[in-house]
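In: A predicted structure for the sequence below; I have some questions about it.
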Amino acid sequence: MRARTYGQALRALACGLMAWQVWLVFRVSAYDAVMIDWSCDSQGCGSDDFASAAPLLGGASVLALGFLAARFLHRATPGCVVALAALANVSGWREALDEGRAAEGTRVDWPLLLPFGRLSVAQWLTSLWVITAVAVLCAVWGAAFSVRRTAAVLRYFRGRATAEAELSGWQRTGRGRGAVTVRFEDGRGVAYEVPTVVEMAALGRPVLAVYDEARPEDPATTRVAIPRKRFPQ
């Protein structure tokens with residue numbers, strides 16, 4: 001348990017450091033965008049300024065952060081990391097405007113992740129706010145999906161007990177869902193078989209029975225959760 005706690009703590013620290021890097025790289029990229037000195041020839045344009053390559057470095061950082069944070073954020077991860085990157089860009093542009101480095105009408109060749117062309121600062125800000133809004137909606141949807149699938153509210157906020165369980169007798173009741181019998185033992189070692197409805201994704205993988213200790217046999221209070229990690233053997 002101690003080794004697992006240390007591992008989780010190190011992963012959380014790595015997430016924090018990577019999130020800081022994502023914020024810093026994208027913020028600097030936007031803040032210095034108007035100052036990039038582009039050199040062009042017949043083969044294309046390039047620059048030695050850090051801001052010209054920062055979006056690519058930021059993209060790699062976003063992927064790394066997503067990999068590290070998926071253990072904690074589950075399906076909300078993509079929305080969260082994209083929203084963080086977009087807000088960092090907004091912060092950089094706003095500071096550049098406040099310091100007079102650019103005006104809202106200034107047109108800038110600034111590759112976010114792909115070269116979209118010359119847009120004004122105001123247009124970049126509008127695009128970034130739209131990206132942020134979409135990313136936040138995706139994060140909320142992902143969080144709600146993960147909370148429902150893992151029964152997190154029942155387990156952590158309503159005091160329901162959990163036990164390793166087995167499913168049998170699948171009968172389809174709707175799109176991606178079906179009736180099963182969940183077998184589990186409560187904390188006293190008493191075995192129960194309770195009918196319930198689960199998602200098809202629960203079949204053939206380790207699951208938890210989430211039940212009310214006062215009424216472990218009650219189908220109305222028994223749910224099946226799909227944990228993020230497999231049980232230790």
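Out: Thanks, I have the structure now. The structure displayed is predicted, hence computed values, not measured ones.
In: contacting residues for Arg223?
Out: Contact analysis of Arg223 by Cβ atoms under 8 Å, 6 or more residues apart in numbering lists Ala151, Leu154, Arg160, Thr196, Ala209, Val210, Tyr211. Every residue, glycine included, has its C-beta placed from N, CA and C.
In: Leu154 is in contact with the third one, correct?
Out: Yes: at 4.4 Å, Arg160 and Leu154 qualify as touching, with contact defined as Cβ atoms under 8 Å.
In: Which residues are in contact with each of these two?
Out: Val210, Arg223.
In: ok, back up a step: keep only those of the contacts of Arg223 that are in helices.
Out: Leu154 (DSSP state H).
In: Present the contacts of Arg223 as CSV; the columns should include pLDDT, neighbour count and distance to Gly7.
Out: Formatted as CSV, those follow (pLDDT from 0 to 100; neighbours: other Cβ atoms under 10 Å; distance: Cβ to Cβ, whole Å):
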residue, pLDDT, neighbour count, distance to Gly7
Ala151, 80, 20, 24
Leu154, 77, 21, 26
Arg160, 86, 19, 27
Thr196, 90, 19, 33
Ala209, 89, 26, 27
Val210, 90, 25, 26
Tyr211, 90, 27, 30
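In: Return the member of the contacts of Arg223 nearest to Val81.
Out: Ala151 (25.2 Å; Cβ to Cβ).
In: How many residues are close by the residue nearest to the closest one when sequence neighbours are not counted?
Out: Leaving out its chain neighbours, the residue that sits closest to Ala151 by Cβ to Cβ, 6 or more residues apart in numbering is Ala225, at 3.8 Å. By the criterion of other Cβ atoms under 10 Å, Ala225 has 21 neighbours.
In: Would you reformat the contacts of Arg223 as CSV and include distance to Trp20?
Out: Below are the contacts of Arg223 laid out as CSV (distance: Cβ to Cβ, whole Å):
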residue, distance to Trp20
Ala151, 33
Leu154, 34
Arg160, 37
Thr196, 44
Ala209, 40
Val210, 36
Tyr211, 42
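In: Filter the contacts of Arg223 down to the ones in strands?
Out: Of the contacts of Arg223, the ones assigned to strands by DSSP state E are Thr196, Ala209, Val210, Tyr211.
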